[in-house]
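Novice: Got a predicted model here, sequence first, then my questions.
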Amino acid sequence: MNIHADDQSTQTAEIMRRFNDVFQLQDPSALPSLIAEHCVIENTGPAPDGARHVGRQACVGLWSAIATAPNTRFDLEETFVAGERATIRWRYFTADGNSLRGVNLMRVENGLIVEAMGYVKG
């Protein structure tokens, strides 16, 4: 299916809005409908390359655990979309009150998230 670049950006923006809501609302119930069967996450840790998670079940499991971790939260700083790609800047507050800033580089294919690469400062 060919999608015009503007239509693709609109579709990707909507998927990112729903994805970000998972973390803002700490409700992972939408994740299975947002993630492709062949999705790959390269997580922020451990350094230097981060852990690699492959497949919908692994990705849903990881993101669900992050979204629902007690006494933590994400502050969404910016989401930038260009076609099938998106960049999400965020600040994550840990249970002990510290925080770190990071970015996720996302890619969408056929209306589903297929790739997420996470990076943090420091």
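Specialist: Thanks, I have it. Residues are numbered from 1 along each chain as shown.
Novice: Show me which helix runs longest in this structure.
Specialist: If you go by DSSP state H, the chain has its longest helix at helix 5-24.
Novice: and for the helix or strand harbouring Val40, what are the contacting residues?
Specialist: Element membership for Val40, per DSSP states H and E: strand 35-42. Outside of strand 35-42, the residues within contact range by C-beta atoms under 8 Å, 6 or more residues apart in numbering are 49-56, 58-60, 62-63, 109-110, 112-118. Every residue, glycine included, has its C-beta placed from N, CA and C.
Novice: Walking through this structure, point out its helices one by one.
Specialist: 5-24, 31-34, 56-67.
Novice: Of all these, which one is nearest Val81?
Specialist: When the helices of the chain are compared by C-beta to C-beta, helix 5-24 sits nearest Val81, at 4.6 Å.
Novice: pLDDT below threshold where in the protein?
Specialist: Scanning the chain with the threshold set as pLDDT under 70 gives 1-3, 5.
Novice: cutoff 50 now
Specialist: Counting by pLDDT under 50, the chain has no low-confidence residues at all.
Novice: CA atoms of the strand holding Val40 as PDB?
Specialist: Extracted in PDB, the C-alpha atoms of strand 35-42 (Å, rounded to 0.1, in the frame of the first residue of the first chain):
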ATOM      1  CA  ILE A  35       2.900  -3.200  18.100                       C
ATOM      2  CA  ALA A  36       3.800  -5.300  15.000                       C
ATOM      3  CA  GLU A  37       4.600  -9.000  15.500                       C
ATOM      4  CA  HIS A  38       8.200  -8.400  14.300                       C
ATOM      5  CA  CYS A  39       8.800  -5.300  16.400                       C
ATOM      6  CA  VAL A  40      12.300  -4.800  17.800                       C
ATOM      7  CA  ILE A  41      13.300  -2.700  20.800                       C
ATOM      8  CA  GLU A  42      16.800  -1.700  21.600                       C
END
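Novice: List the neighbouring strands of it plus their orientation.
Specialist: strand 52-54 (antiparallel), strand 112-120 (parallel) (DSSP bridges).
Novice: Would you mind finding the most buried of these?
Specialist: Of the strands paired with strand 35-42, the one with the most neighbours on average (mean count of other C-beta atoms under 10 Å) is strand 112-120, at a mean of 18.
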